[in-house]
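S.K.: Sequence and predicted structure below; questions after.
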Amino acid sequence: MTVFGIGISYGLATLFAMFSGMPIAFALGAVAVVFMAIYMPAASLDTVTQNVYEEMASITLLSIPLFILKGAAIGKSRAGQDLYSALHAWLHRVPGGLGVANVFACALFAAMAGSSPATCSAIGSAGIPEMRKRGYSGGFAAGIIAAGGTLGILLPPSITMILFAVAAEKSLGRLFLAGIGPGLLLVSLFGCYAVFRFRKEYAMARAVYDATGKDAAILQRDEFTMAERFSALPRVIPFVLLLTGVMIALYGGYATPSETAGLGGLLALGLIAVIYSVWKPSDLSPILKSTIRESTMLMLIIGMSLLYSYVMSYLHISQSAAEAIVAMHLPRWELLFAILVMVIVLGFFLPPVSIILMTAPIILPPLRAAEFDIIWFGVVMTIVMEMGLIHPPVGLNIFVIRNVAPDIPLSEVIWGTLPFVLLMMFAVLMLCFFPEISTWLPNLVMGPDGGR
């Protein structure tokens, strides 16, 4: 069979395994092993475990379970609720300040935890009931938290970016820095939309009140004294200092990414022990169980995805696909558009981890040939994959929100997230016209590296 035929059958077999309901890791591993048995030497099956081990033998990947430990320590404590409460106390005078506070809380929590589902769960469990109580529509409240949670894979430390750095063989520190500017851009866009949407819902409630005299919760205003504002800070500041300390350790050259992840995990455990008295074995058990469960699931997906990519490479599927893309001689921006559309479509069915590891061998060579900055592309691709977290049918954050707020209909959650998907598309356009948004900070801190 030709390489083209093998590639088509490989793709169809993957789709069949995915739609069979098999877990993603097992689906990818099963397809890889079957094609190894059919098209590769018989001895190759004896080296499956060795291949997986060699593919995963990266010191950078060691940081993933350690960052997960840090996120679990913060996510399983009341840190998210305290962070949200403090920001609400300081932003309550801003129109839509409660929504804006949730956006900022998601951003800060994402930067501390590095996980989108953890951010949605921690901030949403406190933020959504408060927004609903104050008259925010269900779709608006759910959309803010779901979209804010996606920042977990863009703002450092990001597990998704760790995998992209490994796949692209680029500096993880540079990639982390490149995500900060676009992350702040998205926070600004989300915050501005929260103000706009609040004004709209407020005006509608005001019109009803003027016409019928019927009061609405959204018309009420919270008031906080200066003493109440400052009293909300003591439990939040240590975690902000944790974030700052971890970043200084990483970018100051004091620790490698893996050492930084370990340092962050230990400091997070220390902080929740001191601030929330979480130190007993019964208190630590949920944190450790969550860390082991998520790490095992994620590392299994990574291992099977790497085996899947190895088989693609051995059978020359990825090389042939890359050569075919190059042979189309698409203008560089049309090439980028086609690749991003492919990533969006894959986001309908796959999580970001699998998308990166499955597509990197195919899409990176043509992008390098077109002289795109790979660090810049990593940020753009991450934003596009963020969309996949809040649009159906997979939409992981959508289902997290459904668990946090089961009273909000799924249709309202989906419609509430769509404006944020459009804002992410706008952010991608901004990065295309102004790539300096993502490149200025790594160039300033680490110097230029050529990008390719």
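M.R.: Good, I have the coordinates.
S.K.: Low-confidence stretches in the stretch 1-150 of the chain?
M.R.: Within the stretch 1-150 of the chain, the stretches with pLDDT under 70 are 55.
S.K.: could you pull out the helices for it?
M.R.: With DSSP state H, counting those that start in this stretch as the criterion, the stretch 1-150 of the chain has helices at 3-19, 24-39, 48-56, 63-75, 79-91, 97-113, 116-133, 138-149.
S.K.: Dihedrals phi and psi, Pro23?
M.R.: Note on Pro23: its backbone torsions stand at phi -50, psi 150 [degrees, to the nearest 10].
S.K.: Count the residues that sit near it.
M.R.: Pro23 has 14 neighbours, counted by other Cβ atoms under 10 Å. All C-beta atoms are positioned from the backbone trio N, CA, C, and that covers glycine.
S.K.: Could you report the distance from it to Ala17?
M.R.: 10 Å (Cβ to Cβ, to the nearest Å).
S.K.: Next: Phe176.
M.R.: In terms of Cβ to Cβ, Phe176 sits 33 Å off from Ala17.
S.K.: neighbour count winner among these two?
M.R.: More neighbours surround Phe176 than the other of Phe176 and Ala17, with 23 against 19 (other Cβ under 10 Å).
S.K.: Number of residues surrounding the residue lying closest to the more buried one once chain neighbours are set aside?
M.R.: In space, and not counting its chain neighbours, Phe176 is closest to Pro156: 3.6 Å by Cβ to Cβ, 6 or more residues apart in numbering. Using other Cβ under 10 Å, Pro156 has 26 neighbouring residues.
S.K.: secondary structure class for Pro156?
M.R.: Per DSSP: H, G, I helix; E, B strand; the rest coil, the secondary structure class of Pro156 is coil.
S.K.: That one contacts Met112, correct?
M.R.: No - the pair Pro156 / Met112 is not scored as a contact, 10.4 Å apart, by Cβ atoms under 8 Å.
S.K.: okay if I get the helices of the stretch 1-150 of the chain as JSON lines plus distance to Val379?
M.R.: Below are the helices of the stretch 1-150 of the chain laid out as JSON lines (distance: least, Cβ to Cβ, whole Å):
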{"stretch": "helix 3-19", "distance to Val379": "27"}
{"stretch": "helix 24-39", "distance to Val379": "24"}
{"stretch": "helix 48-56", "distance to Val379": "25"}
{"stretch": "helix 63-75", "distance to Val379": "18"}
{"stretch": "helix 79-91", "distance to Val379": "25"}
{"stretch": "helix 97-113", "distance to Val379": "15"}
{"stretch": "helix 116-133", "distance to Val379": "16"}
{"stretch": "helix 138-149", "distance to Val379": "17"}
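S.K.: Report the contact partners of the nearest residue to Met304 once chain neighbours are set aside.
M.R.: Nearest residue to Met304, sequence neighbours excluded (Cβ to Cβ, 6+ apart): Gly29, at 3.8 Å. By Cβ atoms under 8 Å, 6 or more residues apart in numbering, the residues touching Gly29 are Gly303, Met304, Leu307, Tyr308.
S.K.: Tell me how far the first one lies from Leu91.
M.R.: When distance is defined by Cβ to Cβ, Gly303 is 43 Å away from Leu91.
S.K.: what sits up against stretch 255-270?
M.R.: By Cβ under 8 Å, 6+ apart, the surrounding residues in contact with stretch 255-270 are 59-60, 62-64, 66-67, 69-70, 73-74, 112, 157, 162, 172-173, 242, 245-246, 249-250, 284, 287.
S.K.: Just the buried ones from those residues, in ChimeraX syntax?
M.R.: To isolate the buried subset of the contacts of stretch 255-270 in ChimeraX, counting by 16 or more other Cβ atoms under 10 Å, use the following:
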select :62,63,64,66,67,69,70,73,74,112,157,162,172,173,242,245,246,249,250,284,287
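S.K.: mind saving the C-alpha coords of stretch 329-348 as CSV?
M.R.: The C-alpha trace of stretch 329-348 is given here as CSV (Å, rounded to 0.1, in the frame of the first residue of the first chain):
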residue,chain,number,x,y,z
HIS,A,329,2.7,26.3,-2.5
LEU,A,330,0.1,28.2,-0.4
PRO,A,331,0.9,31.8,0.5
ARG,A,332,2.2,31.8,4.0
TRP,A,333,-0.9,33.4,5.5
GLU,A,334,-3.2,31.0,3.7
LEU,A,335,-1.1,28.2,5.0
LEU,A,336,-1.5,29.5,8.5
PHE,A,337,-5.2,29.9,8.0
ALA,A,338,-5.6,26.3,6.8
ILE,A,339,-3.6,24.9,9.7
LEU,A,340,-5.6,26.9,12.3
VAL,A,341,-8.9,25.7,10.7
MET,A,342,-7.6,22.2,11.0
VAL,A,343,-6.8,22.8,14.7
ILE,A,344,-10.3,24.2,15.3
VAL,A,345,-11.9,21.2,13.7
LEU,A,346,-9.7,18.8,15.8
GLY,A,347,-10.8,20.8,18.8
PHE,A,348,-14.4,19.6,18.2
